[in-house]
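Student: Whatever this is, show me its structure:
(2 chains)
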Amino acid sequence: MSFLSVSHVSKSFGGPPVVNDVSLEVMRGEFFALLGPSGCGKTTLLRMIAGFETPDSGAIVIDGEPMNTVPPHLRPTNMVFQSYAIFPHLNVFDNIAYGLRKLKLSKDRLRARVESMLATVRLEGLGNRASDQLSGGQRQRVALARALVREPKVLLLDEPLGALDKRLRETMQVELRAIQRKVGITFLLVTHDQEEALSLSDRVAVMHQGRILQVADPRTLYERPNCREVADFIGEMNFFHATVREIAGAGATVNAGLLGLITLPAANLAPGIKPDDHILLAIRPEHVRFAASGVAGDIAASTFLGERSHFHVRIPGRSEPVFVSGNAPPSGAVHLEFPPEKLIGLPIAD
Amino acid sequence: MKNKSLLLYAFAYLAFLYVPVLVLPVFSFNDSQFIAFPLSGFTTRWYGALAGDSAMQHALGNSLKVGIVTALLSTMLGLAAARAVTRYRLRGAGAALGFISLPLFIPDIVLGLSLLMLLGAMGLPLSLAAVVLGHLLVCVPFALTVLIARFEGFDRNLEEASADLGEDGWMTFWRITAPLMLPGIIASLLLTFITSFDEFLVAFFLSGTEATLPIYIWGQLRFPERLPMVLALGAVILAVSVVLVICAEYVRNLGVKDRVVGA
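Tutor: Purely as a prediction, here's the structure:
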C-alpha cells in the first residue's frame, strides 16, 4: 500500500498540459526523486501535492486521505522552497517555531523542540541569529528545519540544493540523506540534477514534457533506461540504429549497420520490441572497449580526467563520434569493441 | 586642485538650496514687522500671535482633515493597485500604471482648472471633499510608486511558506504580509499626507469658502503687518515637514536589507 499516491493527475495553465496524466506511488519512509529538465512539470506536480496548485483532473492521496479539496495549510506536507522563503523579519528560532503555533506548546517544550531540530540540522546556538546574517548553506538548513519540525507525513523539497556551490552541495547531499534516515519521514525531492537524484534517492521518476517516462531505482535507471530520453538524460550514452533480425530464446540478433550482426541477451531489449522492429542500440561510454580488432576509428578529441579519460572516436560512415571512457589507447588509430551483454535495445519513438 | 573646487561647488550648491529656506525661521524670531537686515532682536511673539489666531487654526484643521483622508484613501487605492500589478499577470498593466501616473506630469494649474470646470458642469459644490478628490489624483501615483517597490521585493513564496506551515490566509496576512509591508504603508501615508498638506493650486480652485492652510497663508500676504506671523507658521510647517519626510525615508528603508535577502 503506497503512502503517497498520485493517480492520473493532469494540469495545464491554459496552454498544453504541464503535467499530463501522471501516476505515482511513493512508499512510507522512501526518499523519492522527481528528475527532469526545467519545464518538465516536476515543480508543478510538487506544488499540487503541497496544495498550491489544483489538479485539473486526477487524485492525490496521502496516507489514505484524499487531498484534492484540502487547502495547503491543512495538508500533512511541508515544503522546502527553492528560494528557501526564510521569513526575513524573524530570527532563526522564530522561523523554525513558526509552524508550531497551533500546537500551543509551553515555552519550555517549544524551546526544547526547536533546539533539538537546530541540532539535527547542525545549527546549534544560532537560534538568535537574524535571518539576513545566514550563509546560503545555513539558510538551506533553516528551511529544512522549519519544515521538518512539524513532522510532516511527506516532506517536499523543490531543488533544495540548487542555490549552493558545488562543494557545499555535495556536503549537503550526504547530510540530507543522513537526516532522512534519522527522521524516517518520506522525502519527495524535485531536481534537474541527475547526479543528485541518483545519489540521494531510493527511487527516481524521470519526467519529460509533463509525463513520467520511467520510475526505477538509480541502478536500474542507469543500466536499463527504458527509452532514449531517459538514457540521454542520465549520463552519457552512444546510440546506434539497428534492426531486429530474430529473437530466439535468451538471445536476440540485430543488424546494427556499422557494428555488423550482433547477438545480445534478449533481456537487454526493452519490453515490446519484436522481430523486424527498428530500434536504437545504446551503450555507455565506459562499456565501449579499445581492442586489438573490431570497429576501426580515429580519436578526434580526448579529455584527461585523472584516473580515466574521455575520448571522441570518429568511425567512418557515422557523423557523430562515439564516446568512450577508459584508459589511454596506444595511438590515434584505434579499434572499438562493443560487448554485446552491455548493449541495450530501446524502441524508437514514433 | 580638482577635489577642492568640487567641494566648493558642493557647498555653494547646498547653500543655494537651503539658505533661502533658513531665512524663514530666522525672520520668524526677528522683533520687527519688516523683513530686512539688520535683525532687530529676538522674539517669540509671532509664534504667540499664531497660537491665538482662530482663522489660522480653522485652516490648519481643514488641511489636516484633507491630508489625513487623502493619505488613507490614496494608500488604500495604491495598495490594491500595487498588489494587483505585482502579483498577477494583468493585460494592460503597463498602460494602466502609465495612466495612473499621468497626473504627476500634468501641471497642477491645469488639473485644478479642469476639475473646477468639471465640478461646475456637474453642478457639484466646491468643498473640502472636492479638494480630497483632486489631491487623490496627485497622491495615488506617489503611493503606488512607494508600494510597488515594496511589493516587488516581496517574495511570493513567503506567503506560500506560511500557508505550508499551517497558517490560513488571515493569519498569514498578520504574521507575514503586514509586518513586511508595514514600512511601505507608513512611508506611503506620510508621503501622501505631506503632498496633500502642501498642495496649493488644486486646493485653491476647489476649496470654495473652506480655506486650507496654504490658501490661508497666501491670503495673509496682503497684510504686511501679519507677514512675520506667516513666517512663524511657515517655519513650523517646515519643521514638521522635514521631520515627517525623514521619518518616511527611515521607515521606507527599514528592513530593505532583509528584503533583498528574502527575495
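
Student: my guess is A:F93 is in a helix, correct?
Tutor: Yes - the assignment for A:F93 is a helix, going by DSSP: H, G, I helix; E, B strand; the rest coil.

Student: Contact partners for it?
Tutor: A:V114, A:L118, A:G127, A:N128 (CB atoms under 8 Å, 6 or more residues apart in numbering or on different chains). Where C-beta positions appear, they are placed from N, C-alpha and C, glycine not excepted.

Student: Would you mind giving those as JSON lines with neighbour count and distance to B:R89 added?
Tutor: As requested, those are exported to JSON lines (neighbours: other CB atoms under 10 Å in any protein chain shown; distance: CB to CB, whole Å):
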{"residue": "A:V114", "neighbour count": "22", "distance to B:R89": "38"}
{"residue": "A:L118", "neighbour count": "21", "distance to B:R89": "39"}
{"residue": "A:G127", "neighbour count": "17", "distance to B:R89": "39"}
{"residue": "A:N128", "neighbour count": "9", "distance to B:R89": "40"}
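
Student: Looking at those residues, which one is closest to chain B?
Tutor: The closest of the contacts of A:F93 to chain B turns out to be A:V114 (CB to the nearest CB; 13.2 Å).

Student: Show the contacting residues for the closest one.
Tutor: Neighbour list for A:V114: A:F93, A:I96, A:A97, A:L100, A:G127, A:V149 [criterion: CB under 8 Å, 6+ apart].

Student: and it, what helix or strand is that in?
Tutor: Here A:V114 sits within helix A:107-120, counting by DSSP states H and E.

Student: Tell me where the model's unsure across the chain.
Tutor: Assuming you mean chain A. Applying pLDDT under 70 to chain A picks out residues A:1, A:328-331, A:350.

Student: Sorry, I should have been clearer: chain B.
Tutor: For chain B (pLDDT under 70), the answer is B:1-2, B:252-263.

Student: Select the longest helix from it.
Tutor: For chain B, the helix with the greatest residue count under DSSP state H is helix B:54-87.

Student: List the strands paired with whichever strand or helix holds A:T263, with their directions.
Tutor: Using DSSP H and E, A:T263 sits within strand A:261-265. If you go by DSSP bridges, strand A:261-265 pairs up with strand A:251-255 (antiparallel).

Student: how much space between the residue nearest to A:D217 when sequence neighbours are not counted and A:L189?
Tutor: In space, A:D217 comes closest to A:R203 once its chain neighbours are excluded; the distance is 5.4 Å by CB to CB, 6 or more residues apart in numbering or on different chains. Note on A:R203: its distance to A:L189, by CB to CB, to the nearest Å, is 11 Å.

Student: circling back: flag every buried residue along the longest helix of chain B.
Tutor: Using 16 or more other CB atoms under 10 Å in any protein chain shown as the test for burial, helix B:54-87 gives B:56, B:59-60, B:62-63, B:65-71, B:73-75, B:77-79, B:81-83, B:85-86.

Student: Following the chain onward from it, which element is next?
Tutor: Past helix B:54-87, the next helix or strand by DSSP H and E is helix B:93-101.

Student: So which residues make contact with that next one?
Tutor: For helix B:93-101, contacts defined as CB under 8 Å, 6+ apart pick out B:A81, B:A84, B:V85, B:L90, B:V140, B:P141, B:L144, B:T145.

Student: who touches the last one in this structure?
Tutor: So the one you mean is B:T145. Applying CB under 8 Å, 6+ apart, the residues near B:T145 are B:S101.

Student: The residue nearest to A:D217 against A:V215, yeah?
Tutor: Yes - counting by CB atoms under 8 Å, A:R203 touches A:V215, with 6.3 Å between them.

Student: What strands line up against the next helix or strand after the strand holding A:T263, and which way round?
Tutor: Using DSSP H and E, the next helix or strand after strand A:261-265 towards the C-terminus is strand A:278-283. In the sheet, strand A:278-283 lines up against strand A:238-248 (antiparallel), strand A:344-347 (antiparallel) (DSSP bridges).
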